[in-house]
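> Model the following, please.
(chains A, B, C and D)
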Protein chains: 4
Amino acid sequence: MIPRYSRPDMVAIWAPETKFRIWFEIEAHACDAQAELGVIPKENAEAVWKADGVDFDVARIDEIEAVTRHDVIAFLTHLSEIVGADEARFVHQGMTSSDVLDTTLNIQLVRAADILIADLEGLLAALKRRAYEHKDTVRIGRSHGIHAEPTTMGLTFARFYAEMHRNLQRMRTARAEVATGAISGAVGTFANIDPRVEEHVCEKLGLEPEPISTQVIPRDRHAAFFATLGVIASSIENLATEVRHMQRTEVLEAEEFFSAGQKGSSAMPHKRNPVLTENLTGLARLVRMAVIPAMENVALWHERDISHSSVERNIGPDATVTLDFALARLTTVVDKLVVYPEHMLQNMHKFKGLVMSQRVLLALTQKGVSREGAYTMVQRNAMKVWEEGRDFQTELENDADVTAVLSKDEIAEKFDLGYHTKHVDTIFARVFGDA
Amino acid sequence: MIPRYSRPDMVAIWAPETKFRIWFEIEAHACDAQAELGVIPKENAEAVWKADGVDFDVARIDEIEAVTRHDVIAFLTHLSEIVGADEARFVHQGMTSSDVLDTTLNIQLVRAADILIADLEGLLAALKRRAYEHKDTVRIGRSHGIHAEPTTMGLTFARFYAEMHRNLQRMRTARAEVATGAISGAVGTFANIDPRVEEHVCEKLGLEPEPISTQVIPRDRHAAFFATLGVIASSIENLATEVRHMQRTEVLEAEEFFSAGQKGSSAMPHKRNPVLTENLTGLARLVRMAVIPAMENVALWHERDISHSSVERNIGPDATVTLDFALARLTTVVDKLVVYPEHMLQNMHKFKGLVMSQRVLLALTQKGVSREGAYTMVQRNAMKVWEEGRDFQTELENDADVTAVLSKDEIAEKFDLGYHTKHVDTIFARVFGDA
Amino acid sequence: MIPRYSRPDMVAIWAPETKFRIWFEIEAHACDAQAELGVIPKENAEAVWKADGVDFDVARIDEIEAVTRHDVIAFLTHLSEIVGADEARFVHQGMTSSDVLDTTLNIQLVRAADILIADLEGLLAALKRRAYEHKDTVRIGRSHGIHAEPTTMGLTFARFYAEMHRNLQRMRTARAEVATGAISGAVGTFANIDPRVEEHVCEKLGLEPEPISTQVIPRDRHAAFFATLGVIASSIENLATEVRHMQRTEVLEAEEFFSAGQKGSSAMPHKRNPVLTENLTGLARLVRMAVIPAMENVALWHERDISHSSVERNIGPDATVTLDFALARLTTVVDKLVVYPEHMLQNMHKFKGLVMSQRVLLALTQKGVSREGAYTMVQRNAMKVWEEGRDFQTELENDADVTAVLSKDEIAEKFDLGYHTKHVDTIFARVFGDA
Amino acid sequence: MIPRYSRPDMVAIWAPETKFRIWFEIEAHACDAQAELGVIPKENAEAVWKADGVDFDVARIDEIEAVTRHDVIAFLTHLSEIVGADEARFVHQGMTSSDVLDTTLNIQLVRAADILIADLEGLLAALKRRAYEHKDTVRIGRSHGIHAEPTTMGLTFARFYAEMHRNLQRMRTARAEVATGAISGAVGTFANIDPRVEEHVCEKLGLEPEPISTQVIPRDRHAAFFATLGVIASSIENLATEVRHMQRTEVLEAEEFFSAGQKGSSAMPHKRNPVLTENLTGLARLVRMAVIPAMENVALWHERDISHSSVERNIGPDATVTLDFALARLTTVVDKLVVYPEHMLQNMHKFKGLVMSQRVLLALTQKGVSREGAYTMVQRNAMKVWEEGRDFQTELENDADVTAVLSKDEIAEKFDLGYHTKHVDTIFARVFGDA
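The predicted structure follows:
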C-alpha cells in the first residue's frame, strides 16, 4: 500500500484497531450464543461486553505477541486484562484462531467491497453525465489507430459506462462470494462448538454461515474476489488508455484537468501531461498482480496450511486500497476531462472525406457493382486522398467508373455526417434505459 | 492445445469447419433480416441458404486468404463460389469483419461453457456419491500437515463438492458474460446496418445483443470469462493436491485407480504414482496462465486494435480444452479413487490419543482451570506422546494435576471418536440439502 | 502453438520424430559408455547403432504406449523391434525415464535458443541498418505522448538495437542455463549407473553434466529460461508499440509495409492498419504467459513430481515457436518500415517552436534570471502557442521581460535544430562501437 | 511492504531520507562536472556541497510538493533553501527529473541487490554446513511422493545449495543489469547537457553510463531484475516445500526449530507446525507477483510515459524487502532445522526392502532374463510387500523363478545400503569443489 495512492476510509478497514474491534465482536457474539446454549455462564458472556467501546491497546497486544508468537492468543490475553481473567475465561472456547481470523478477513473484504461499489456508482454517474453532454459531439472512430468512420464522444463515454456497469454487477457478485463466516473449530467439524454459535455470529455481523469449512474458509471465494478486482482494474486501464490517446499532442481531443500552479515538467514549461491516466495504467497493473497469488492460495494442504496468510496480508489491503484510489482518481478525470470538439472535427477531416469510403462502397454495390469492383474503385480514389492529400468527394466525382453508377448528388449524399449518428439515441436507450 | 490433454467435443468447437459454419449462419441470418427490412432482395437472402448443409472447403478458403490476407473476405469469396457471385453480392452488406468474428468467438465460448457446465455437473455427481459413501469414514484432519482433530473422508469429499458447486455457479455467470453478439458495423454506430439485424441474428443464435459495441465486443467480458476458468482450475489443483498427499507412501490413505498393465516406473516395478493428480496440478497452471493475457486484452486502442486476436486464438481453445480435459480426468480420479479406511485409522493413531488434546484442554478449562494452566498441563503430556511415543490417555491418568480435576472416567470420555463426527449430518444437510 | 504464428525450423524441434531421434542418441551414447566401462558387452552397444538413420515409427510407438501407458518404455520396445530384442536388452540399463526426458528437453531448448539467438542477430542487423539510414532524420521526442524536444529516428532505432542487444546477451545466458544433461538414475544418486556415463553422453550432445540432479534436472533453470523469453517478448511489445503509435492517422510518421493485393479492411478500402505490430503486441502476451507457470514448476515434491511435465509440453513449444515467429515478423517490420521524414517535421511544427522552450528557459537562467522567474516567462508564452496557435519565437520577441535579457539574435539561436542532434554521433558510438 | 516481513537495512534503502540523499549526490556531482566543463561557475558547484551532511526535511519537501505537485522541483526548492537561492540556481541545469529519479532507482536496486547477494551467501553457508553434517544420513528418495530409492539428507541440502548458488550468479547478473545511470536530458539527446556530466556522476556513484536512454533508462533492465527475484523466490518455495513435507506428522523427518514459549495452536497444545516454511511459500508468491507488472512496464510510449512509476513505487520496495526477509528466514530454518535420522530409517523401511526393487530388476536382467520377464518377477513380489506388508527379500527368496537365476547371497547383496551412497563424494565434489 503506497500512501500517495490511498484514501483514508479504505485504509481504515485494514488498520489494527479495526481488526481488533472485529475480533472482539466475533468473540463477544460467540459468547452470547454459547451462553444461550447453556455452554458457558450468562454472566461471563455479558462481562465480555465490558470491553465494548474500549480502544484496544495495539502496542500492548504486540508486546504480548512478541512473547507468545501468536496473535489471537495475544489479543485474548489483552482482552482478559480488560474484562478480568476470571470473567474472560470462556472467551474463544471451542473456537480456533482461524474462526476469528477468517471471519474477520471476510468482514474486511465485504466492507472494502461496499466502498468499491460506491466508487463504481460515483464513476457511473460521472460517465453518464459526460455521455449525455457529448451525445452528439462527433469524432472519428478509429480501428487500429487508423481513422475508420465517425462516431460521437457520447458513445465513447457510454461504452465505458456500460463496461463499468458490468463491473458494478461483478463487484456485487464478488461481495457475495466473500460474505461468509465460519466458527467451526480446528478442522471444521464443530466438535467443540455448536453450529448455532456460527449462525448467531454470522447473523449479527451480516454474513452467511460458510456451509462447510475446514480450519479455514475455502479460498476459491477469495480467488474469485481478487479476480474481479483484476477485471475492474483492466477496465480502468481501458478508459485511461483512451484518455492518454486523446491527449497526445497530435490528437489533442481532450485533456486531463490541469490545476493552476501544477507543473508538467521541470524542464519544459509548456507541457501538460496525462499523468493521471498514465498513473492509472500503472495502478491497474498493481491491482491485477493480486490475481494469480490469490489463485495460488486456493490449494491449501489438507484442512489448511498458512501459506495464504502472508499473501492476503499484502493483497487484501493493497489491491482494495489501490483500486479504491484508482476508481476515485478515474472519476475525477472523467468528471473534469476537458473535451475539444473542434479538434475532433479537425482530426476527422485530416484526410478529406476519406472516412466516408464505406458508404460509397455500399452505394456502388447496391447499384449493382460487384463487391470486388466496388472495392477497387473506392480504393484507388482513397489512396489519392491518403497519399496526396486530395479531397475524396472531388476524386470520386472525377472518376468515370464511379460517375457511371452514382450521380453527383448521390455522391454528395454519402458525405452527410448525420448518417453516422442516426442510431445514437437507440444505443443510449440500450445503455441507460429510459433516462 | 496438447492432443493428449484434449477431448473431441471441445476440440470440435474450435475446428475451422465449426468456425466457418457459424460464420455462415451469421451471414445468412443477417441477410434474412436485411431482406425483411427491405434493404436487400428476398431472393438473394434465400439464395444464401443454398450453402446450408454444404461442408465448406477449408483448404480452398486458406488458398484465397493466402492472396487476400483477410480471412473473412476469403470466406465470403468462397461462399460466393457456392451460392453464385450474383446471388451472394449482398452478403455481409453493412457489416464489418469483427461483427462476424466476435459473434462467432462468443458462440464458441458459450458452447465451451456448456460443456464445462456439464463437466462440473458430472464431477459434482461423483463427489456427492463418494461423500455419502464415506460420510462416516473417520480420518485425521490436518492443519499445517500436522495432525489436528478427527474428521471424516465424507466431509473431505463434501467440501470439494461445495467448492465445485460454487464453480458451477461461477461458470454459469461466465457463460452469461459472453453470450452476446454484435452486428454494429465498423465502429459500432450501426451507420450502415439497422440494429434490428443484430437483434435478429442474436435471437436466432441464442445470444443477447451487445448493448454497445465498438468495432468489437468489449473484452472485459472475456477477461471475466477466463478469470473464472482460472478459479476453477485452482480448485482442481486443490482437490488434486489432497489426493497427492493421501497417496504418498507414508500416508497412503487413498490411491488413484491403477489399471492392469499400467507401469508406474520403468525402473521401479512396485511404484504406483499419483500421476493423474500431479498432471492435474500442471494442467491447472496451464489454464490459469490465460487469465492475465485475457485481462491485458481489455485495454484496446480506441474502437479496437487487433492485439487481442492472437491471444484469443490461443487461449480460447487452449484454456477451454485443457479445463474440459482436466475436469473429466478429475471426475475419473474421484469416481475410482481407492480409499483405505484402515490406513486412515492407523495414521490417526500414530501418536496415541494426541489428537484429543483440545478436548482435554476444554474439559480442564470448564472445570475451572485457567486457560494458561490448562494449556501447560496438556502440553507437557502431549510432548511425551510426541517425543517418546507414549499414550496420551495413560499420561493424563498419571498426571496428578490433571487427575485433581478430571476423573479417570471423565478422561476416558474425551477419547470417544463420536464426539467429532456428531455434526456430520448437519454439515451434509447444509451442503447437499435434503438429499 | 498456432500454425499461423509458427515457422518450420522451430516447429521441427518439437516434432515427435526429433524427440525420438534425441532419445535414441542418448540411449546409444549411454550404451557406448556402459560398454567402455565394461558394464555391458561392446557388441550390444554397437548393435544399438543399427537404428541410426532409421526413421522411428511414431504411430507404432503410440500404439505401444496405449498399452503400457509409459512413453519411454514404448519407445524402448520399438527400438528393440528394430535392433533385436536380445541385442537391445542392455539399452536404458541403470537409467530412469527422466534421464532421457530431461536431457532431451534441454537439448530441444538449446536448439530453440540457437534459433532465437540467430533471430535476434537478424533483428539487430535490421535495426542497425535503419538506425544509420535515419541517423539524422529529425523527429520530435515525446514524453507522456506530448511533444518534448527533438530527437532523430536513428536514435529510436538505435535504442531498440541496444535493448535487443541486451536481449541477445540474456538469451545466451538463458541457453547456458539449460545446456545441461543428467543420467543419474531414479533419485540422482548414480546408484545403478556410473557418473562417467552421464559425462560421456553430455559431451557427445554438447551439454554440461548437471552437477547434482534428483530424478530430474532442477527446474529453476527452466524458470530462468522462460523468464528470459518473457523479457524479450516485452521488448518486442515495446518496439511494436512505437510503430503502432507512428502509424496512427494523426501521427503517420511511419507505416508497416503494405503489400500489393493486401486488404486492410473488408469495409473501408483506404485503411492501412499496423496489424503486424498489433499482432506482435498480442504475441508478446502469449510468450509472457509462460513465465509464471515455469516459476510454479520449480517447487517439485521431494526428488520430483510430474506436475511440471504438462506445463512444459505446452510452454516448451508454444513460447519458443511464438517468440521465433514474433522476432522474424518484427525483423520484417523493421526492415521494410516505410518512414515519412516530412511528416515528422510537420508534426514537430504543430505548435510552432514550442519544443524549444527548455532551451529558452536555460538561456534565461544562465543570464541570471531565477529558475522560478524564467519558468514563468517561458510558460506564459508557451501557453499562447499551445492555446492560440501562435509562434513561440515571435511571442518571445514580443515579451519585454524576455527581451530585457535576451537579444533577438540570442532568441533566434535557440531555435536551431542542430543543437539537439549534436551528440547523435557520440551515442551511436556508444551503441554500435566503431562501426 | 508488510512490517512483519521486513528487515531494517533493506527498508532503509527505500526510505525518503535515503532517496533525497541520493538525489542530492546526483545533483551535486552533476554540478561539479558542469563546473569542470565551464558551464556553471565553480563556486556555485562548491556551494551545493554545503548541504552535504544535512538531513533533508522530508515534511518540508512534502509541503512544497503539495503546491508544485512535482517531487523533484519540491526537492530542488528545499535544497535552495539550504544552499541559498542564488548559489543553487545552476543546480539541475540541463537535466530532467527522470535523470535524477531513474539513476536513483537504479542505485537503490543495486544496494538492494548487494543485500540480497549477502543473504544468498549466508544461506549457502548454512546449506553447505548442513550438507556435510548429513552427508551420510540415509533417507528414502521419493518421486511422485512415493518411495523410490535411498539417497542422503546431505544430497538434499547439496542440491538446494547448487540451486541457490545458481541464484547467486543470477543475482549478480541482475545487479549488473540495473547498475546504470543516465543524465541525458528530456529525450536522451544530451541537447542541454554534455555526456561527460553523465560519465562523471556515474563514476562517482558506481554505475555505468546508460549507452542510450530516452527520458528514462530502458525498463527491460528492470524486467530482467524482477524476473530474477521471481526465480529466486521460486527456489525458496522449493526448499520450503521440502521442509513442509518432512515435517508432516506421518513423515516427521525434520522439524523447524520451535522456540520455548512459542505456541503452535491456540486449541491444540501438542502441535508444532512448519509455519515458517508455509509462510515462505506465501512470501514466494508475493515476490513472484512483481514479475509480470515489471514486464508490462517495458513498453512505454515513445520516449517515456509514467505508467511504470506507480508500479515501481510498489514492487521496488516490496519485492526486495520481502525477498530479503524470506532469504533470512530461510537461512534460519536451514540453520536450525531439527533433523531426525532415525525417523528417516523408519520411513524407508515402511515397506520392507521394497526400495531395492530396481537393483533386483537389474540383477535379473544382467543374468539374462528379458526386461519384461524381470519386470514381471519383481512386480509380483513387490506387490505382496506393498499390499500385505511382507518382506521383499524373503519373498524373493521364496520365488522359484527368481532363485533359479539369483542365489540367496546374490539376493542379499542387493539389500546393501552402501550401494546407493557410493557416489555421494563424487557429487559433493561437483557441488562444493575441493572444500
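
> When you work out contacts or count neighbours from here on, use the C-alpha atoms and nothing else.
Noted.

> So the residue nearest the centre of chain A: helix, strand or coil?
Of all residues in chain A, the one closest to the mean position by Cα atoms, centre = their mean is A:Ile232, 3.2 Å from it. Following DSSP: H, G, I helix; E, B strand; the rest coil, A:Ile232 is assigned to helix.

> What does the pLDDT read for the nearest residue to it once chain neighbours are set aside?
Distances taken as Cα to Cα, 6 or more residues apart in numbering or on different chains put A:Asn167 closest to A:Ile232, at 5.9 Å, once the chain neighbours are dropped. For A:Asn167, the pLDDT comes out at 98.

> show me the contacts for A:Asn167.
A:120, A:231-232 (Cα atoms under 8 Å, 6 or more residues apart in numbering or on different chains).

> Go through those and say which is closest to chain C.
The closest of these to chain C turns out to be A:Val231 (Cα to the nearest Cα; 16.5 Å).

> What distance do you get for the closest residue to A:Arg248 other than its chain neighbours to chain B?
Leaving out its chain neighbours, the residue that sits closest to A:Arg248 by Cα to Cα, 6+ apart is C:Gly145, at 4.7 Å. Taking Cα to the nearest Cα, to the nearest Å as the measure, C:Gly145 falls 14 Å from chain B.

> Was I right to think C:Gly145 contacts D:His302?
Yes: at 6.9 Å, C:Gly145 counts as touching D:His302 under the criterion of Cα atoms under 8 Å.

> could you point out where chain A is predicted with low confidence?
A:259-270, A:434-435 (pLDDT under 70).

> Against which helices or strands is the lengthiest helix in it packed?
Under DSSP state H, the helix in chain A containing the largest number of residues is helix A:97-133. When contacts are defined as 3 or more Cα pairs under 8 Å, 6 or more residues apart in numbering or on different chains; DSSP states H and E, helix A:97-133 packs onto helix A:8-13, helix A:16-36, helix A:153-178, strand A:180-181, helix A:307-336.

> Mind checking what helix or strand follows that helix in sequence?
strand A:138-143 (DSSP states H and E).

> ok and that next one relative to helix A:153-178, angle-wise?
60 degrees (axes from the mean of the first three to the mean of the last three Cα atoms, to 10 degrees).

> ok, and does strand A:138-143 reach over to chain B?
Yes: residues of strand A:138-143 contacting chain B under Cα under 8 Å from any Cα of the partner chain: A:141-143.

> Just the closest of these to C:Gln358, please.
Relative to C:Gln358, the closest of these is A:Arg142; by Cα to Cα it sits at 33.8 Å.

> Spit out the contact partners of the closest one.
Contacts of A:Arg142 by Cα under 8 Å, 6+ apart are A:148-149, B:187, B:302-304.

> Any idea what it is bridged to?
A:His147 (DSSP bridges).

> Show me which residues of the stretch 251-400 of chain A are close to chain B?
So far as Cα under 8 Å from any Cα goes, the stretch 251-400 of chain A lies against chain B at A:288, A:292, A:295-296, A:298-306, A:359, A:362, A:365-366, A:370-371.

> Now which of these would you call buried?
By neighbour count, with 16 or more other Cα atoms under 10 Å in any protein chain shown, these hold A:288, A:292, A:295-296, A:298-306, A:359, A:362, A:365-366, A:370-371 as buried.

> Report the buried residues of the host helix or strand of A:Asn44.
Using DSSP H and E, A:Asn44 maps to helix A:42-48. For helix A:42-48, burial by neighbour count (16+ other Cα under 10 Å) applies to A:42, A:44-48.

> domain parsing for chain A?
Residue ranges for the domains of chain A, per automatic domain parsing: A:1-93, A:95-345, A:354-414.

> just those domains: most buried one?
Mean neighbour counts were compared across these using mean count of other Cα atoms under 10 Å in any protein chain shown; the top stretch is domain A:95-345, at a mean of 23.

> quick one: it to chain centroid distance?
2 Å (Cα atoms, centre = their mean, to the nearest Å).

> Distance of the closest residue to A:Trp23 other than its chain neighbours relative to A:Cys202?
Nearest residue to A:Trp23, sequence neighbours excluded (Cα to Cα, 6+ apart): A:Val100, at 6.1 Å. A:Val100 is 12 Å from A:Cys202, where distance means Cα to Cα, to the nearest Å.

> rewinding a little: next one: the helix or strand following the helix holding A:Asn44, is it in contact with chain D?
On the C-terminal side of helix A:42-48, the closest following helix or strand by DSSP H and E is helix A:58-68. Yes: using Cα under 8 Å from any Cα, helix A:58-68 reaches chain D at A:67-68.

> and the next helix or strand after helix A:58-68 with helix A:58-68, angle?
Sequence-wise, the next helix or strand downstream of helix A:58-68 (DSSP H and E) is helix A:71-83. Counting by the same axes, to 10 degrees, helix A:71-83 lies at 130 degrees to helix A:58-68.

> hmm, who's touching helix A:71-83?
A:20, A:47-48, A:50-51, A:60-62, A:64-65, A:68, A:86-89, A:91, A:97, D:266.

> Likewise for stretch A:10-18?
A:19, A:55-56, A:58, A:108, A:111-112, A:115, A:317, A:320-321, A:324.

> Let's have the residues you listed in CSV, adding distance to A:Glu210.
As requested, the contacts of stretch A:10-18 are exported to CSV (distance: Cα to Cα, whole Å):
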residue, distance to A:Glu210
A:Lys19, 20
A:Asp55, 30
A:Phe56, 28
A:Val58, 30
A:Gln108, 16
A:Arg111, 18
A:Ala112, 19
A:Ile115, 23
A:Pro317, 23
A:Thr320, 23
A:Val321, 26
A:Asp324, 27
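
> show me what contacts A:Val287?
A:229-230, A:233, A:318-320, A:322-323.

> try it again with 6 Å
A:230, A:319 (Cα atoms under 6 Å, 6 or more residues apart in numbering or on different chains).

> Assign it to helix, strand or coil.
A:Val287 - assigned by three-state DSSP - is helix.

> and the gap between it and D:Thr281?
For A:Val287, the distance to D:Thr281 - Cα to Cα - is 21 Å.

> Then A:Thr403?
73 Å.

> And A:Met348, by the same measure?
For A:Met348, the distance to D:Thr281 equals 55 Å [Cα to Cα].

> Repeat that for A:Ala240.
A:Ala240 is 35 Å from D:Thr281, by Cα to Cα.

> now swap in A:Asp335 and tell me
Taken as Cα to Cα, the span from A:Asp335 to D:Thr281 is 43 Å.

> A:His222 now?
18 Å.

> do the same with A:Thr103
In terms of Cα to Cα, A:Thr103 sits 23 Å off from D:Thr281.

> A:Asp324 now?
For A:Asp324, the distance to D:Thr281 - Cα to Cα - is 28 Å.

> Kindly report the same for A:Arg69.
19 Å.

> Could you do A:Pro274 as well?
On the measure of Cα to Cα, A:Pro274 and D:Thr281 end up 39 Å apart.

> quick revisit: can you tell me which of the buried residues of helix A:42-48 is closest to C:Glu253?
A:Val48 (73.2 Å).

> show me the residues around the closest one that make contact.
A:28, A:83.

> Roughly how far does it sit from chain C?
Distance from A:Val48 to chain C, by Cα to the nearest Cα: 46 Å.
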